[in-house]
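*Asks:* let's see this in three dimensions:
(one chain, ligands or ions: 4)
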Amino acid sequence: MQHNNILILDFGSQYTQLIARRVRELNIYCEIHPFNKIPDKLEEYKAVILSGSPFSVRGENALHPDLSKIRGKKPVLAVCYGAQYLAHFSGGEVAPSDTREYGRAKLSYIKPNETFFKNINEGSQVWMSHSDTIKHLPTKGVLLASTHDVQNAAFKIEGEETYAIQFHPEVYHSTDGKQLLENFLVHIAKVNQDWTPQSFVEETVEELQQKIGNDKVVLGLSGGVDSSVAAMLLHKAIGKNLYCIFVNNGLLRKNEFLEVLDQYKDMGLNVKGVDASARFLEALAGLSDPEEKRKAIGRVFIEVFDDEAHEISDVTWLAQGTIYPDVIESVSATGGPSATIKSHHNVGGLPDFMKLKIVEPLKALFKDEVRRVGASMGMDANLLGRHPFPGPGLAIRILGDITAEKVRILQEVDAIFINGLKTWGLYDQVWQAGAILLPVNSVGVMGDERTYEKCVALRAVESTDGMTADWVNLPYEFLQKTSNDIINKVKGVNRVVYDISSKPPATIEWE
Ligand SMILES: Nc1ncnc2c1ncn2[C@@H]1O[C@H](COP(=O)(O)OP(=O)(O)OP(=O)(O)O)[C@@H](O)[C@H]1O
Ligand SMILES: O=c1[nH]c(=O)c2[nH+]cn([C@@H]3O[C@H](COP(=O)(O)O)[C@@H](O)[C@H]3O)c2[nH]1
Ligand SMILES: NC(=O)CC[C@H](N)C(=O)O
Ligand SMILES: [Mg+2]
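*Replies:* Ligands and ions are numbered 1, 2, ... in the order given. Coordinates of the predicted model:
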């Protein structure tokens with residue numbers, strides 16, 4: 001258990017994860033729990049933050065948890081819906097505001113000498129996103145700040161360490177938001193700022209040793225950041241009892257299998273490379289529907305992994321590189337069925353028959369924190385800075401059916417594009433990039449002869465989490481040079497196009 005833990009109760013705001021990030025940026029650990037699943041062991045938490053919500057406290061379905069175990073006993077910071085909740089159900093009044101308020105506002109009044117507003121001055125910009133407003137403060141409420149339009153923009157409750165704000169300190173556009181969180185967490189709740197990548201590594205290694213003891217653990221390594229950092233942590237904790245398996249599904253980037261395998265061996269990992277290319281290609285033969293392709297790959301992954309795990313005697317644990325956003329998505333407060341756009345697969349979805357216990361050392365971290373943890377263990381910057389790459393690999397970038405020849409063509413094209421980005425110093429400015437082989441032949445002319453060959457698309461996007469993305473404005477000179485190189489060097493390709501679609505409405509991968 002991490003020390004100095006902050007509990008964030010999620011009422012379904014789209015900003016809840018941002019609250020967690022801001023708290024972590026202060027080197028303070030925190031966890032998000034759904035509003036209706038308040039943990040039993042409250043003594044482990046030093047303070048509680050209530051998030052915003054799409055609901056209205058006046059609505060029939062208002063989220064209305066019992067906070068009697070928390071209020072007056074722990075410092076509480078209530079944000080937006082949280083603030084309205086405190087007001088509405090404790091003797092105050094919340095009503096629809098005359099004008100809905102979204103975006104910029106300025107604090108026009110701040111009560112003097114309040115620790116909560118230490119180093120924050122009148123005029124400070126805050127970001128609003130609400131349609132209800134707090135008309136009357138709750139019993140024992142003391143006004144702390146106002147904006148031009150919102151009289152009760154911040155208040156506290158006399159006799160409790162309970163603070164409430166209508167604006168969102170977690171968003172970047174609230175200029176003193178981080179200061180406000182620091183005032184509350186450090187100066188009011190007296191939480192130490194000692195949660196760092198190093199302390200995370202030390203605590204996690206100790207926990208893993210206690211949990212796993214002398215048991216054996218198996219882990220699927222993909223060359224990606226998450227599984228690699230998870231492997232490093234486990235290696236530090238249990239050494240040779242960690243058995244890593246890196247599967248070549250024949251759909252990796254050019255030379256990637258051997259290069260990455262060598263890199264893992266240099267890191268001292270106990271890793272086995274399994275070349276199952278033929279098995280995957282066989283399973284894919286004749287399939288051209290994207291979902292059927294994805295499912296076939298998922299199935300073969302499990303078979304290969306299961307075969308390999310059986311080669312190791314007495315394995316009892318399966319380790320996974322699950323990270324925090326994966327966890328949060330599966331327990332969202334408001335839930336609601338969402339449409340399946342694509343069936344993402346990873347070895348994580350192993351069936352029950354494998355009967356392995358699961359260990360997920362990165363379950364509490366965001367992607368950038370995973371990178372910081374990796375860096376603090378001395379992991380190679382190239383490995384850490386790697387673009388995300390999907391488990392089904394080039395199979396979902398070859399539209400339609402897959403053959404060994406198409407894989408070869410796409411590997412060549414992709415290598416020219418990615419190496420070009422690196423040479424031009426563009427790789428780190430791009431979140432993810434790759435090439436797509438289209439099921440389209442077009443007419444060209446090369447050396448006075450007619451050609452009728454394949455077309456490839458290049459895709460480069462900027463994003464923070466892959467959920468939304470925009471295409472990158474790559475320099476024309478770069479695109480020109482890359483297109484030339486591809487058409488001149490890769491036999492079978494006579495046309496290159498650049499994908500200028502954002503997500504949504506498109507997705508990052510084409511299948
Ligand atoms: N070729 C592979 N061999 C073995 N395991 C794999 C392979 N590809 C994917 N996996 C497993 O599937 C998991 C999920 O893959 P995913 O791409 O989401 O994460 P990642 O590869 O670890 O990190 P990143 O998101 O940076 O690519 C990996 O953590 C790994 O355990
Ligand atoms: O491990 C994975 N298994 C998959 O099946 C898979 N499909 C897409 N992706 C990656 O997810 C991000 C979002 O991709 P999309 O916009 O195409 O859904 C992008 O980063 C994609 O590369 C996958 N990763
Ligand atoms: N961001 C929020 O928490 C909004 C709270 C509430 N739904 C309102 O519109 O006022
Ligand atoms: Mg990956």
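
*Asks:* nearest to ligand 3: which residue in the protein?
*Replies:* G52 (2.6 Å; CB to the nearest ligand atom). C-beta coordinates here come from the backbone N, C-alpha and C atoms, glycine included.

*Asks:* show me what counts as buried in the host helix or strand of L144.
*Replies:* L144 is located in strand 141-147, with elements delineated by DSSP states H and E. Within strand 141-147, the residues that count as buried by 16 or more other CB atoms under 10 Å are G141, L144, A145, S146, T147.

*Asks:* equivalent analysis for stretch 14-26, please.
*Replies:* Y15, T16, Q17, L18, I19, A20, R22, V23, R24, L26.

*Asks:* thinking again about what came up before, could I get the buried residues of strand 141-147 as TSV with pLDDT?
*Replies:* Below are these laid out as TSV (pLDDT from 0 to 100):
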residue	pLDDT
G141	98
L144	98
A145	98
S146	97
T147	95
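
*Asks:* okay, and for this structure, where does confidence drop off?
*Replies:* Residues of the chain meeting the criterion pLDDT under 70: 1-3, 327-354.

*Asks:* tell me the first helix or strand C-terminal of the lengthiest strand in it.
*Replies:* Secondary structure of the chain per DSSP state E: the longest strand is strand 93-110. Using DSSP H and E, the helix or strand that directly follows strand 93-110 along the chain is strand 125-136.

*Asks:* what's that next one in contact with?
*Replies:* 52, 56-58, 80, 83-84, 87, 92-97, 100-107, 147, 150, 152-153, 155, 166-169, 171, 173-177 (CB atoms under 8 Å, 6 or more residues apart in numbering).

*Asks:* in PyMOL, select just the buried ones from those residues.
*Replies:* Command for PyMOL, covering only those of the contacts of strand 125-136 found buried under the criterion 16+ other CB under 10 Å:
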select buried, resi 52+56+57+80+83+84+87+92+94+97+101+105+107+147+150+152+153+155+166+167+168+169+171+174+176+177
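
*Asks:* show me what from the chain comes close to ligand 1.
*Replies:* By the rule CB under 6 Å from any ligand atom, the part of the chain lying against ligand 1 is 220-222, 224-227, 245-247, 249, 320-321, 346-348, 388-389, 391.

*Asks:* going through these, which ones are buried?
*Replies:* Buried residues within these, counting neighbours by 16+ other CB under 10 Å: 220-222, 224-227, 245-247, 249, 320-321, 346-348, 389, 391.

*Asks:* just the residues you listed: which are in strands?
*Replies:* Using DSSP E, those in strands are G220, L221, I245, F246, V247.

*Asks:* hmm, back to that, now the buried residues of stretch 14-26 in JSON lines, with distance to N441?
*Replies:* Output for the buried residues of stretch 14-26, formatted as JSON lines (distance: CB to CB, whole Å):
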{"residue": "Y15", "distance to N441": "48"}
{"residue": "T16", "distance to N441": "49"}
{"residue": "Q17", "distance to N441": "45"}
{"residue": "L18", "distance to N441": "47"}
{"residue": "I19", "distance to N441": "52"}
{"residue": "A20", "distance to N441": "50"}
{"residue": "R22", "distance to N441": "52"}
{"residue": "V23", "distance to N441": "54"}
{"residue": "R24", "distance to N441": "51"}
{"residue": "L26", "distance to N441": "56"}
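
*Asks:* specify which member of those is nearest to V370.
*Replies:* R24 (12.0 Å; CB to CB).

*Asks:* and the gap between that closest one and ligand 4?
*Replies:* To ligand 4, R24 is 23 Å away according to CB to the ion, to the nearest Å.

*Asks:* likewise D428?
*Replies:* In terms of CB to the ion, D428 sits 18 Å off from ligand 4.

*Asks:* ditto for N270
*Replies:* 20 Å.

*Asks:* please apply the same query to I70.
*Replies:* Taking CB to the ion, one finds I70 at 39 Å from ligand 4.

*Asks:* nearest to M377 among the buried residues of stretch 14-26?
*Replies:* Nearest member of the buried residues of stretch 14-26 to M377, counting by CB to CB, is R24, at 18.2 Å.

*Asks:* just checking, the closest one touches D368?
*Replies:* No: counting by CB atoms under 8 Å, R24 does not reach D368; the two are 9.4 Å apart.

*Asks:* next, the residue of the stretch 1-150 of the chain found nearest ligand 1: secondary structure please.
*Replies:* Residue nearest to ligand 1 within the stretch 1-150 of the chain: Q17 (16.9 Å; CB to the nearest ligand atom). Following DSSP: H, G, I helix; E, B strand; the rest coil, Q17 is assigned to helix.

*Asks:* what subset of the buried ones among the residues of the chain next to ligand 1 is also close to ligand 4?
*Replies:* Residues of these in contact with ligand 4 (CB under 5 Å from the ion): S222, G224, F389.

*Asks:* my guess is the first one contacts P390. True?
*Replies:* No: shown here, S222 and P390 do not form a contact pair, counting by CB under 8 Å, at 9.6 Å.

*Asks:* what's the lengthiest helix in the chain packed up against?
*Replies:* Assignment by DSSP state H gives helix 290-311 as the longest helix of the chain. With contacts taken as 3 or more CB pairs under 8 Å, 6 or more residues apart in numbering; DSSP states H and E, helix 290-311 sits against strand 216-221, strand 242-248, strand 271-275, helix 277-284.

*Asks:* now do that helix: distance to the chain's middle.
*Replies:* 24 Å (CA atoms, centre = their mean, to the nearest Å).

*Asks:* and the angle from the helix or strand harbouring K211 to strand 216-221?
*Replies:* Under the criterion of DSSP H and E, K211 resides in helix 197-212. Angle, helix 197-212 to strand 216-221, by axes from the mean of the first three to the mean of the last three CA atoms, to 10 degrees: 130 degrees.

*Asks:* and helix 197-212 with strand 242-248, angle?
*Replies:* Using the same axes, to 10 degrees: helix 197-212 against strand 242-248 is 100 degrees.

*Asks:* which elements pack onto helix 197-212?
*Replies:* When contacts are defined as 3+ CB pairs under 8 Å, 6+ apart, helix 197-212 packs onto helix 225-238, strand 357-359, helix 367-376.

*Asks:* how about the ones you listed in a markdown table, adding distance to T403?
*Replies:* Listed next are these as a markdown table, based on distance: least, CB to CB, whole Å:
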| stretch | distance to T403 |
| --- | --- |
| helix 225-238 | 29 |
| strand 357-359 | 37 |
| helix 367-376 | 34 |
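
*Asks:* out of those, nearest to I32?
*Replies:* helix 367-376 (14.1 Å).

*Asks:* the following helix or strand past that closest one: which residues count as buried?
*Replies:* Counting by DSSP H and E, the next helix or strand C-terminal to helix 367-376 is helix 381-384. By neighbour count with 16+ other CB under 10 Å, helix 381-384 contains the buried residues L383, L384.
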